[in-house]
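> Okay, predicted coordinates and the sequence, questions at the end:
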Amino acid sequence: MTQMLFRDDPYLQAARAQVVAHTDAGGLVLARTVFYPTGGGQPGDAGHLTWPGGALEIATTVKGEGDAIVLVPADGQALPAVGAEVEQTLDWDRRYRHMRIHTALHLLSVAIPFGVTGGAISAERGRLDFDMPELPEDKEGLQERLNAMIASDAPVSEDWITEAELDAQPDLVKTMSVQPPRGAGRIRLIRIGDVASPLDLQPCGGTHVARLGEIGTVRLGKMEKKGRRNRRIYLHLDS
């Protein structure tokens, strides 16, 4: 099992760790990692490793067998030996943009109260697909509402509930195509706003900013029909 340092502190940019395994596909597993693996529409982290006499660029990060997190190196690079101590460092600018966009997409799901059928995040933009009959008519008004929520600078926090508690509150799950992972006995929730009256509360395993003000101003991009009821909406960071 890989200890997920990013779960405890998404702002942690570097940490030392021991290499515990190599994979058949040429990846490596650390005992603990600051690298987030691809999942929930959020890309896997990139960055680099260093150790005495060596360095390695990490192209992306994925989930491995069980609870292992696999760092995928760029092609043609030698791996540190199993048992070696390495210093891992994130491509922080890229990760932080993922955090800002991911949190902004939570707000988009608040502004558009329909089921979410898909989504994707990059360092440049994010998108959500909604199960809705028509595209929003007032794009400018929707954008103003998003930026007003961001300007509130509400806190973003996490909580945990049991699987049984989630079953009793099915409306917490906004995603229609992907359900929260089960089997661990508890589900992670991301809360935006106060505990008593949150602006948003939903299961999510990704990384987010600590306060909405960190997102900065956003603008809505292309809005598309992607099927009989599927509507795709893009969101961009202004800086």
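Happy to help now that I have it. Numbering: from 1, shown residues only.
> Take the helix or strand of the chain with the lowest mean pLDDT, keep the C-alpha atoms, and write them as PDB.
The helix or strand of the chain with the lowest confidence, counting by mean pLDDT, DSSP states H and E, is helix 163-167 at a mean of 81. Extracted in PDB, the C-alpha atoms of helix 163-167 (Å, rounded to 0.1, in the frame of the first residue of the first chain):
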ATOM      1  CA  GLU A 163     -20.800   3.500   2.900                       C
ATOM      2  CA  ALA A 164     -24.100   2.900   4.800                       C
ATOM      3  CA  GLU A 165     -24.400   6.700   5.400                       C
ATOM      4  CA  LEU A 166     -23.900   7.400   1.700                       C
ATOM      5  CA  ASP A 167     -26.500   4.800   0.800                       C
END
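> how close does residue 21 sit to residue 219?
44 Å (CB to CB, to the nearest Å). All C-beta atoms are positioned from the backbone trio N, CA, C, and that covers glycine.
> Skipping its backbone neighbours, what lies nearest residue 57 in space?
residue 74 (4.4 Å; CB to CB, 6 or more residues apart in numbering).
> Quick check: the one you found touching residue 60?
No: using CB atoms under 8 Å, residue 74 makes no contact with residue 60, being 9.4 Å away.
> more crowded one of the two?
residue 60 (18 against 12; other CB atoms under 10 Å).
> list the contacts for that one?
Applying CB atoms under 8 Å, 6 or more residues apart in numbering, one finds that residue 60 lies in contact with 38, 43-46, 72.
> Could you rerun that using 6 Å?
By CB atoms under 6 Å, 6 or more residues apart in numbering, the contact set of residue 60 is 44, 46, 72.
> Nearest to residue 13 among those residues?
Nearest to residue 13 among the contacts of residue 60: residue 46, at 12.5 Å, using CB to CB.
> do you know how far the nearest residue to the closest one once chain neighbours are set aside is from residue 123?
Closest residue in space to residue 46, ignoring its immediate chain neighbours: residue 91 at 4.5 Å, by CB to CB, 6+ apart. Remark: distance between residue 91 and residue 123 (CB to CB) = 9 Å.
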